[in-house]
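S.K.: next comes the sequence, and after it the predicted model I'd like to discuss.
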Amino acid sequence: MGQNLKNLVSEKEAVLFDVDGTLVNSNELHASAWAEVLERFGHDVTAEQVWPLIGKGGDKLLPELTGIAADSDEGQRIAEARTKIFMEHYAPRIKAFPKVRELLQCLVAQKKKIIIATSASKDELQAILQSAGLQDCFPDMTAADDADRSKPDPDIIQAALKKLGVSAANAVMIGDTPYDIEAAQKAGVSIIAVRSGGWSDEDFEGATAVCEGAEEMLTELTRAPNSSALQPSPQHDEAAPL
């Protein structure tokens, strides 16, 4: 059986959050920004092709889509153009998912350390949080600038743990993609997968638990004792529907 979400979170000292697709509805916007800039550079790539790679950093996404190394001259030009397009045209449209602020406030009230662990750059992260109205919610954050390698490598999660002074065993990660799960597993951190980013349960192999998103998490964390538990991860319950 999978662990009850409330018990899983209560036994941990820290909660690490992915952002895109987890706290804010931005995955489609990121995919569209990549598709737009790649078209400008002569690459026939659609947003639908990009979306399954959102959650990885640009250092991994760009070569997978085009074969262009992210640190090449062309790769750097593409990355700079994508950042400009995203910041000007897409970031201002990002909104937080329902009950995200309340969830974060609930965790702080429970004396949990909370921190962002994202593959986004710090500048993009600040723009996303500002647009979503969450800029005042996190005292600590780690981003692409804090790690040599992006997800699904564990560097960003390890950097977040180091910043908080918390061991992997005393933390839980919240994320929406298989890349979050892989990164958390490599770092030795339990992970709760959320469906809000558009992935399905069959993509969440290895997650400790699975839920819809922030609103359901808040409900579970504030649920009275002995109430029904969160659906366990399919990894732990073979009868769980996909």
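M.R.: Nice, I can see it. It should be emphasised that the depicted structure is a prediction, and the values quoted were computed from it without experimental measurement.

S.K.: now the strands for this structure?
M.R.: Along the chain, the stretches classed as strands by DSSP state E are 14-17, 113-117, 140-142, 171-175, 190-194, 209-211.

S.K.: and those as TSV, adding mean pLDDT and mean neighbour count?
M.R.: Heads up, the C-betas are built off the backbone N, CA and C, glycines and all. Putting those into TSV (pLDDT from 0 to 100; neighbours: other Cβ atoms under 10 Å) gives the following:
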stretch	mean pLDDT	mean neighbour count
strand 14-17	98	25
strand 113-117	98	23
strand 140-142	94	20
strand 171-175	98	27
strand 190-194	97	26
strand 209-211	95	25
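
S.K.: D201: which of these is closest?
M.R.: Closest to D201 of the strands of the chain, according to Cβ to Cβ: strand 209-211, at 5.8 Å.

S.K.: packing partners for that closest one?
M.R.: helix 5-10, strand 190-194 (3 or more Cβ pairs under 8 Å, 6 or more residues apart in numbering; DSSP states H and E).

S.K.: against K122, how distant is the closest residue to F41 other than its chain neighbours?
M.R.: Take F41 and drop its neighbours on the chain: the residue closest to it by Cβ to Cβ, 6 or more residues apart in numbering is I78, 5.6 Å away. Distance, I78 to K122, using Cβ to Cβ, to the nearest Å: 20 Å.

S.K.: more neighbours: the two, which one.
M.R.: The neighbour count for I78 versus K122, taken as other Cβ atoms under 10 Å, is higher for I78 (23 against 15).

S.K.: so that one versus P98, what's the distance?
M.R.: Taking Cβ to Cβ, one finds I78 at 34 Å from P98.

S.K.: export the helices and strands packed on strand 209-211 to a markdown table and tack on distance to D20?
M.R.: Output for the helices and strands packed on strand 209-211, formatted as a markdown table (distance: least, Cβ to Cβ, whole Å):
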| stretch | distance to D20 |
| --- | --- |
| helix 5-10 | 21 |
| strand 190-194 | 12 |
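
S.K.: out of those, nearest to S167?
M.R.: Across those, closest to S167 is strand 190-194 (Cβ to Cβ), at 12.0 Å.

S.K.: lowest confidence element among the helices and strands of the chain?
M.R.: helix 5-10 (a mean of 91; mean pLDDT, DSSP states H and E).

S.K.: ok, and what's touching that one?
M.R.: The contact list for helix 5-10 (Cβ atoms under 8 Å, 6 or more residues apart in numbering) reads 15, 107, 110, 112, 172, 190, 192, 208-209, 211, 217, 220-221, 223, 229-230.

S.K.: what is the nearest of the residues you listed to G133?
M.R.: When those are compared against G133 (criterion: Cβ to Cβ), the nearest one is L107, at 17.3 Å.

S.K.: state the distance from that closest one to S150.
M.R.: 25 Å.

S.K.: likewise for Y90?
M.R.: On the measure of Cβ to Cβ, Y90 and S150 end up 19 Å apart.

S.K.: same deal with E13?
M.R.: 25 Å.

S.K.: same thing with K163?
M.R.: On the measure of Cβ to Cβ, K163 and S150 end up 17 Å apart.

S.K.: kindly report the same for M141.
M.R.: In terms of Cβ to Cβ, M141 sits 15 Å off from S150.

S.K.: ok, D71 next?
M.R.: For D71, the distance to S150 - Cβ to Cβ - is 13 Å.

S.K.: with respect to T46, which of the helices and strands packed on strand 209-211 lies nearest?
M.R.: strand 190-194 (25.2 Å).

S.K.: parallel or antiparallel, list what pairs with the closest one.
M.R.: According to DSSP bridges, strand 190-194 forms sheet pairs with strand 171-175 (parallel), strand 209-211 (parallel).
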